[in-house]
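> sequence and predicted structure, then a few things I'm wondering about:
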Amino acid sequence: MNSYWSSNIKRYEEYYIHFIDASHKGGTLLKQIRAIVSFGQRK
């Protein structure tokens, strides 16, 4: 259970960092969403 939560938290941190990175590059919201989706599919 503990490792389950820590791995999930790690995954959400990666999503968040990826989202912030996309927004820093000046992408539109649509580009950010596409980046999140493609990042999520790239397990």
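Sure thing, it's come through.
> the strand or helix carrying residue 38 packs against which elements?
Assigned by DSSP states H and E, residue 38 belongs to helix 29-41. For helix 29-41, the packing partners by 3 or more CB pairs under 8 Å, 6 or more residues apart in numbering; DSSP states H and E come out as helix 2-24. For glycine as for every other residue, the C-beta is placed from the backbone atoms N, C-alpha and C.
> relative to helix 29-41, how tilted is the helix it packs on?
For helix 2-24 against helix 29-41, the angle by axes from the mean of the first three to the mean of the last three CA atoms, to 10 degrees is 150 degrees.
> what's the average pLDDT for helix 2-24?
Averaged over helix 2-24, pLDDT sits at 78.
> with just CA atoms, put that helix into CSV.
Extracted as CSV, the C-alpha positions of helix 2-24 are listed here (Å, rounded to 0.1, in the frame of the first residue of the first chain):
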residue,chain,number,x,y,z
ASN,A,2,2.8,2.4,0.9
SER,A,3,4.7,1.8,-2.3
TYR,A,4,1.5,2.1,-4.2
TRP,A,5,1.0,5.6,-2.9
SER,A,6,4.6,6.7,-3.3
SER,A,7,4.7,5.6,-6.9
ASN,A,8,1.4,7.4,-7.6
ILE,A,9,2.7,10.6,-6.0
LYS,A,10,5.8,10.3,-8.1
ARG,A,11,3.7,10.0,-11.3
TYR,A,12,1.6,13.0,-10.4
GLU,A,13,4.8,15.0,-9.7
GLU,A,14,6.0,14.1,-13.2
TYR,A,15,2.7,15.2,-14.7
TYR,A,16,2.9,18.5,-12.8
ILE,A,17,6.5,19.2,-13.8
HIS,A,18,5.6,18.4,-17.4
PHE,A,19,2.7,20.7,-17.3
ILE,A,20,4.7,23.6,-15.8
ASP,A,21,7.4,22.9,-18.4
ALA,A,22,4.9,23.2,-21.2
SER,A,23,3.5,26.4,-19.9
HIS,A,24,7.0,28.0,-19.5
